[in-house]
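**Q** next one to model:
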Amino acid sequence: MKRKLMSVISILVVAVLSACAPAATPTMSVEELQGTAIADAWIAMTMTQAAIPTATQTPIPPTPTMTFTPQPTLVFIPTVVPPTLPDTAAVNPCNEPPPADPKGAVVKIKFINKSGGNISPLSFGMMDENALKECGTYSFSLAKFDEPEVVVLAGCYWGMAYTDLPSIAKTVNALCVTDTTKTTAIWITNEVINFH
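**A** Predicted structure coming up:
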């Protein structure tokens, strides 16, 4: 009996203590938090819309009136075509292709591509006609590191090479090749075409 009494007293003490304890703070569920956030957003939007001033009617500006003034009549004057003058400017034969079967002395040249890219075209043109009135501009294409040997008329030349890097190489001075007993080496770099 004593044990029952102790159990009943213990239960009563726990009940009294739990009744005197502070109330637990209620927690909100995820759905309740989402609903509150959405409600706050709607309130903010409503307040923003309320702050926008109302549109007021403004008077329509008057339409500008246009006046047209007639333009003076144009009189066409016939044009006189001047007589055509004969073309006195002679074509420089050195800017034309060289002769297919040259009569003058020819030399061997070894072009050495040191530009690091492909060259197309390499224009190699004579500056003056030879004693037999032969002249011309040669055109070559060189692959990367290519070293072709070609035969050209003996004489002084200018050169210009376009690479795919892109760069343009030019001769600084005239390249005169007249020795028919040897092959002359000419280097082409990114900027300069010159003897080696």
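**Q** quote the end-to-end distance of stretch 145-157.
**A** Its start and end residues considered, stretch 145-157 measures 22 Å (CA to CA, to the nearest Å).
**Q** quick one: what helix or strand has Leu33 in it?
**A** Assigned by DSSP states H and E, Leu33 belongs to helix 30-51.
**Q** pull out the buried residues from the next helix or strand after that helix.
**A** Note on helix 30-51: by DSSP H and E, the next helix or strand toward the C-terminus is strand 106-113. Under the neighbour-count criterion of 16 or more other CB atoms under 10 Å, strand 106-113 has 107, 109, 111-113 buried. In short, each C-beta sits where N, CA and C put it, glycine included.
**Q** what pairs with strand 106-113, parallel or antiparallel?
**A** Strand pairing for strand 106-113, using DSSP bridges, gives strand 149-153 (antiparallel), strand 183-188 (parallel).
**Q** for Asp164, which of those is the nearest?
**A** strand 183-188 (13.1 Å; CB to CB).
**Q** next one: the helix or strand that the closest one is followed by to chain centre, how far?
**A** The first helix or strand that comes after strand 183-188 along the chain, using DSSP H and E, is strand 192-195. Relative to the chain's own centre, strand 192-195 is displaced by 31 Å; criterion: CA atoms, centre = their mean, to the nearest Å.
**Q** contacting residues around strand 192-195?
**A** For strand 192-195, the external contacting residues (CB atoms under 8 Å, 6 or more residues apart in numbering) are 122, 159-161, 169-173, 175, 184-187.
**Q** mean pLDDT and distance to Val30 added to the strands paired with strand 106-113, as a markdown table?
**A** Putting the strands paired with strand 106-113 into a markdown table (pLDDT from 0 to 100; distance: least, CB to CB, whole Å) gives the following:
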| stretch | mean pLDDT | distance to Val30 |
| --- | --- | --- |
| strand 149-153 | 94 | 86 |
| strand 183-188 | 94 | 77 |
